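Peer 1: what follows is a predicted protein model with its sequence.
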Amino acid sequence: KQEVTQIPAALSVPEGENLVLNCSFTDSAIYNLQWFRQDPGKGLTSLLLIQSSQREQTSGRLNASLDKSSGRSTLYIAASQPGDSATYLCAVIDDSGGSNYKLTFGKGTLLTVNP
Amino acid sequence: GAVVSQHPSRVICKSGTSVKIECRSLDFQATTMFWYRQFPKQSLMLMATSNEGSKATYEQGVEKDKFLINHASLTLSTLTVTSAHPEDSSFYICSASYGMGNQPQHFGDGTRLSIL
């Protein structure tokens, strides 16, 4: 059974700092990996999706890397801003070959960026 | 693009009531819709997957008679929590995808269900 772990559980940084969020998964046979942002009491916003054949994706100040063989992904946030404060979730879709593709989520990293 | 609307955003009701939550894809056809439940400080847990016009596939441990899912069209899926009890209180989130696993899932804003 796939398990996704995110470290740290919470992170507090001053504005402007570069930071890295970590995600690991137990079964390396994944179809893809996604990073999401969740604001309090809200749904999820997709940030980046990395296919299993890719090693990284970039969007603005965000860069996500994937090392499929070691079961690891990182989300790098450059020049953090208070508006980046949220919970960041990592999720994988297993390469099960089935017709439906199910996301397995980590518990998230709660990020607070202090002005 | 790819907007998913979930309604209502919050429900407070008495034990024994049945509650229906709607999930709509506003600007795309959702081949597949997913329903998740999230307890405080926990991961999102998939409850069921539904394809338009087919019966939903429930995850292990999720009671299909308790959580009724209907995916009658390519833009609408509903989750009905039947005879809700306090332990059903949670944050329910739907997502919709217009393709297979290589297409992102787009999430609604969630429904906070509180059973008194």
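Peer 2: Ah, there it is.

Peer 1: what comes up buried for stretch B:62-77?
Peer 2: For stretch B:62-77, a neighbour-count test (16 or more other Cβ atoms under 10 Å in any protein chain shown) marks B:62, B:67-69, B:71, B:74-77 as buried. Yep, even glycine has a C-beta here, placed from its N, CA and C like the rest.

Peer 1: which among these gets closest to A:K68?
Peer 2: Using Cβ to Cβ, B:V62 is the member of those that lies nearest A:K68, at 29.6 Å.

Peer 1: tell me the contacts of that closest one?
Peer 2: Counting by Cβ atoms under 8 Å, 6 or more residues apart in numbering or on different chains, B:V62 touches B:47-48.

Peer 1: tell me where the chain has strands.
Peer 2: With no chain named, the answer covers chain A. Listed from the start of the chain, chain A has strands (DSSP state E) covering A:4-7, A:10-14, A:19-25, A:30-38, A:44-51, A:56-59, A:62-67, A:72-77, A:86-94, A:103-105, A:109-114.

Peer 1: please refer instead to chain B.
Peer 2: For chain B, applying DSSP E gives strands covering B:4-7, B:10-13, B:19-25, B:32-38, B:44-51, B:57-58, B:67-73, B:76-81, B:90-97, B:106-107, B:111-115.

Peer 1: before we move on, back to that, Throw the buried residues of stretch B:62-77 into CSV and include pLDDT and distance to A:D27, thanks.
Peer 2: Shown next, in CSV, are the buried residues of stretch B:62-77 (pLDDT from 0 to 100; distance: Cβ to Cβ, whole Å):
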residue, pLDDT, distance to A:D27
B:V62, 95, 22
B:F67, 96, 27
B:L68, 95, 31
B:I69, 94, 27
B:H71, 87, 28
B:L74, 89, 32
B:T75, 92, 33
B:L76, 93, 33
B:S77, 94, 28
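
Peer 1: which pLDDT value belongs to residue 60?
Peer 2: You didn't say which chain, so I picked chain A. With respect to pLDDT, A:G60 scores 97.

Peer 1: that's the other chain; I wanted chain B
Peer 2: The confidence metric pLDDT takes the value 92 at B:Q60.

Peer 1: next: the one 4 residues further on.
Peer 2: Looking at B:K64, its pLDDT reads 93.

Peer 1: is it true that it touches B:A56?
Peer 2: Yes - counting by Cβ atoms under 8 Å, B:A56 is a contact partner of B:K64 at 7.4 Å.

Peer 1: adding distance to A:F36, write the strands of chain B out as JSON lines.
Peer 2: Output for the strands of chain B, formatted as JSON lines (distance: least, Cβ to Cβ, whole Å):
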{"stretch": "strand B:4-7", "distance to A:F36": "13"}
{"stretch": "strand B:10-13", "distance to A:F36": "21"}
{"stretch": "strand B:19-25", "distance to A:F36": "17"}
{"stretch": "strand B:32-38", "distance to A:F36": "12"}
{"stretch": "strand B:44-51", "distance to A:F36": "9"}
{"stretch": "strand B:57-58", "distance to A:F36": "22"}
{"stretch": "strand B:67-73", "distance to A:F36": "22"}
{"stretch": "strand B:76-81", "distance to A:F36": "20"}
{"stretch": "strand B:90-97", "distance to A:F36": "10"}
{"stretch": "strand B:106-107", "distance to A:F36": "8"}
{"stretch": "strand B:111-115", "distance to A:F36": "18"}
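
Peer 1: and chain B, which residues reach chain A?
Peer 2: By Cβ under 8 Å from any Cβ of the partner chain, the residues of chain B that approach chain A are B:4, B:6, B:32, B:34, B:41-46, B:49, B:51, B:57, B:91, B:93, B:95, B:97, B:100-102, B:104-110, B:112.
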